[in-house]
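Novice: dropping the sequence and predicted coords here.
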Amino acid sequence: EVEGGSLRRISREAYEYWANLHPKAKGSIIVMLADGYGPQMHTVARGVFRRQSGNRSATLALDAFLVGTSITSSQSNVITDSAAGATAYASGRKTYNG
């Protein structure tokens, strides 16, 4: 946790899991910050894909890369707007909505 906030970092277990999947990966890391895209939206997308493909156990290509999430809140509200959330995620400092 970050001092004065509740920004959660990736767990050691999640990091080690990802690192062992691609032990020779060098150079770049891709961080996906999807505004408004949470576990619920991913579950819906997977459900639609399974129904369309007729495969009840199908997975999305993104499933292999999802290793962690972050919960943020702004300085002024527990419900954050995207700018305040991205600022908290990127810098570890809370800002005000708007």
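Specialist: Yep, it's here.
Novice: residues in contact with the residue nearest the centre of the chain?
Specialist: Central residue of the chain (CA atoms, centre = their mean): residue 69, 3.7 Å from the mean position. Residue 69 makes contact with 38-39 under the criterion CB atoms under 8 Å, 6 or more residues apart in numbering. C-beta coordinates here come from the backbone N, C-alpha and C atoms, glycine included.
Novice: any idea which helix or strand carries it?
Specialist: When secondary structure is defined by DSSP states H and E, residue 69 falls outside every helix and strand.
Novice: start the count at 16, not 1, going forward
Specialist: Renumbered: residue one is now 16, and that last one reads residue 84.
Novice: where does the prediction get shaky in this structure?
Specialist: Within the chain, the stretches with pLDDT under 70 are 16-25, 37-41, 85.
Novice: can you point me to the longest helix in it?
Specialist: helix 54-68 (DSSP state H).
Novice: residues making contact with the helix or strand following that helix?
Specialist: The first helix or strand that comes after helix 54-68 along the chain, using DSSP H and E, is helix 97-106. For helix 97-106, the surrounding residues in contact (CB under 8 Å, 6+ apart) are 20, 22, 48, 50-51, 85, 87-91, 95, 108-112.
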